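Q: Sequence plus the predicted model coming up.
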Amino acid sequence: MKNPLISIITPAYKAENTIKRAVSSVIHQDFMDWEMIIISDDYQNYSQILKEDHIVDERLQFISTNKFGSGSSNARNKGLEVARGQYMATLDADDEFKPQKLSKMIPLVERYGAAISDIEIRDHDSDLLLEKFNKLPNYEFLSPKDLPWVSLHSSSIYLYDATKIPNLYYDTDFPRMQDFVFLMSFFNDIECIGFEHEPLHIYYKRKGSACNSADTHETFHKSRNKLLEKINNGQISIQNNLAKAECIKIINFISETDNIYDMEILKNPQTDWLEIFKTKIQDRDFLGYVNFLRNEV
């Protein structure tokens with residue numbers, strides 16, 4: 001059987017209520033040469049769940065971590081191990097692709113070796129559009145200096161050519177930021193990442209999800225320390241020196257956010273660390289900052 005051009009990796013953990021939406025968004029792509037690998041991380045039979053909703057497609061593949069809640073990084077690695085495509089993409093089981101996601105990203109991947117797109121952030125319950133985070137000028141590509149500041153969520157919505165970026169897997173030591181480390185590792189093999197300004201990925205925000213839970217502050221803090229430790233010990237998958245330098249800037253940025261959070265939490269116990277982080281990015285002279293970085297020697 002001919003290998004597909006694109007492999008889409010989808011970890012599934014307690015995803016019975018959302019997997020139909022995610023899979024349907026892939027089936028309705030205007031580009032059809034793909035396989036979707038759904039990795040059960042909770043012993044659920046997602047093939048049967050989809051069949052009950054009359055979703056059956058020979059391009060859907062089902063595997064399992066044979067664990068319960070081993071984490072998205074481990075599940076994605078299992079998917080990468082069996083993927084047959086030249087291009088790799090991820091889609092979380094509670095998000096969705098817009099119909100032209102793949103067809104619009106492919107030319108950028110052909111040109112640069114990898115690409116990401118802007119996203120829409122919608123409310124999980126109401127489907128209300130909450131925000132579009134990207135504020136970059138109309139650049140077609142991103143360097144290591146640009147990438148960390150594009151979006152809090154763009155790190156996991158890539159498409160890349162595995163023949164140009166080979167043998168890359170997720171570091172399972174990070175409670176958070178594993179997507180960021182994975183994406184920054186692209187610069188080991190390519191100079192720039194293509195960027196599509198049209199929102200082609202819908203991220204659904206819901207209370208209690210991994211990206212919005214009350215322990216966000218603690219997990220970012222642990223990830224920051226782990227990232228610094230691995231950089232200092234030479235144990236990080238990121239080998240590009242410029243990308244490493246940007247990681248240090250992110251570490252410092254998280255530390256600054258921690259300091260603000262520690263003060264604000266005394267005034268308001270309901271303070272949201274992630275909202276402070278986002279506001280801190282948005283309040284800076286963002287466009288001027290990015291242009292400065294691009295021109296910096």
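A: Right, received. Where do you want to start?
Q: the domain parsing of the chain - what is it?
A: The chain breaks down by automatic domain parsing into domains covering 6-205, 216-295.
Q: Format these as a markdown table; extra columns: mean pLDDT and mean neighbour count.
A: Yep, even glycine has a C-beta here, placed from its N, CA and C like the rest. Putting these into a markdown table (pLDDT from 0 to 100; neighbours: other Cβ atoms under 10 Å) gives the following:
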| stretch | mean pLDDT | mean neighbour count |
| --- | --- | --- |
| domain 6-205 | 91 | 19 |
| domain 216-295 | 77 | 15 |
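Q: What's the first helix or strand after the host helix or strand of I37?
A: Counting by DSSP states H and E, the element that carries I37 is strand 34-40. Downstream of strand 34-40, the first helix or strand assigned by DSSP H and E is helix 46-52.
Q: Keeping just the C-alphas, turn that next one into PDB.
A: What follows is helix 46-52, C-alpha atoms only, in PDB (Å, rounded to 0.1, in the frame of the first residue of the first chain):
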ATOM      1  CA  TYR A  46     -11.800   4.900  19.800                       C
ATOM      2  CA  SER A  47     -12.400   3.000  16.700                       C
ATOM      3  CA  GLN A  48     -15.600   1.700  18.100                       C
ATOM      4  CA  ILE A  49     -16.600   5.100  19.500                       C
ATOM      5  CA  LEU A  50     -16.300   6.600  16.000                       C
ATOM      6  CA  LYS A  51     -18.100   3.700  14.400                       C
ATOM      7  CA  GLU A  52     -21.100   4.400  16.700                       C
END
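Q: contacts for it?
A: Identification of contacts with helix 46-52 by Cβ atoms under 8 Å, 6 or more residues apart in numbering yields 12, 15-16, 19-20, 23, 38, 40, 56, 60, 62.
Q: and Y87, bridged to which residues?
A: Under DSSP bridges, the beta-bridge partners of Y87 are I6, D161.
Q: show me what contacts it?
A: Applying Cβ under 8 Å, 6+ apart to Y87 gives the contacts 5-7, 106, 109, 159-162.
Q: where along this structure do the strands fall?
A: 6-12, 34-40, 60-64, 87-90, 96-97, 114-123, 129-131, 141-142, 159-161, 193-205 (DSSP state E).
Q: ranges for the helices of the stretch 51-200 of the chain?
A: Counting by DSSP state H, counting those that start in this stretch, the stretch 51-200 of the chain has these helices, from start to end: 72-82, 101-112, 178-184.
Q: can I get the CA coordinates of the last one in CSV?
A: Spelled out, that is helix 178-184. C-alpha atoms of helix 178-184 as CSV (Å, rounded to 0.1, in the frame of the first residue of the first chain):
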residue,chain,number,x,y,z
GLN,A,178,7.4,20.0,25.6
ASP,A,179,5.8,21.3,22.4
PHE,A,180,8.0,24.4,22.5
VAL,A,181,11.2,22.3,22.9
PHE,A,182,10.1,20.0,20.1
LEU,A,183,9.5,22.9,17.7
MET,A,184,12.7,24.8,18.6
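Q: what about that helix, distance to the chain center?
A: Relative to the chain's own centre, helix 178-184 is displaced by 8 Å; criterion: Cα atoms, centre = their mean, to the nearest Å.
Q: Does anything pack onto it? Which helices or strands?
A: Applying 3 or more Cβ pairs under 8 Å, 6 or more residues apart in numbering; DSSP states H and E, one finds that helix 178-184 contacts helix 241-267.
Q: about what we covered before: now tabulate the contacts of Y87 in JSON lines and tack on distance to E256.
A: JSON lines is the format used below for the contacts of Y87 (distance: Cβ to Cβ, whole Å):
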{"residue": "L5", "distance to E256": "42"}
{"residue": "I6", "distance to E256": "39"}
{"residue": "S7", "distance to E256": "38"}
{"residue": "I106", "distance to E256": "38"}
{"residue": "V109", "distance to E256": "34"}
{"residue": "L159", "distance to E256": "32"}
{"residue": "Y160", "distance to E256": "31"}
{"residue": "D161", "distance to E256": "36"}
{"residue": "A162", "distance to E256": "36"}
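Q: who touches I251 in this structure?
A: Here I251 is in contact with 224, 227-228 (criterion: Cβ under 8 Å, 6+ apart).
Q: how about TSV for the strands of the chain, with distance to D262 added?
A: Shown next, in TSV, are the strands of the chain (distance: least, Cβ to Cβ, whole Å):
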stretch	distance to D262
strand 6-12	33
strand 34-40	38
strand 60-64	41
strand 87-90	33
strand 96-97	37
strand 114-123	27
strand 129-131	26
strand 141-142	32
strand 159-161	38
strand 193-205	25
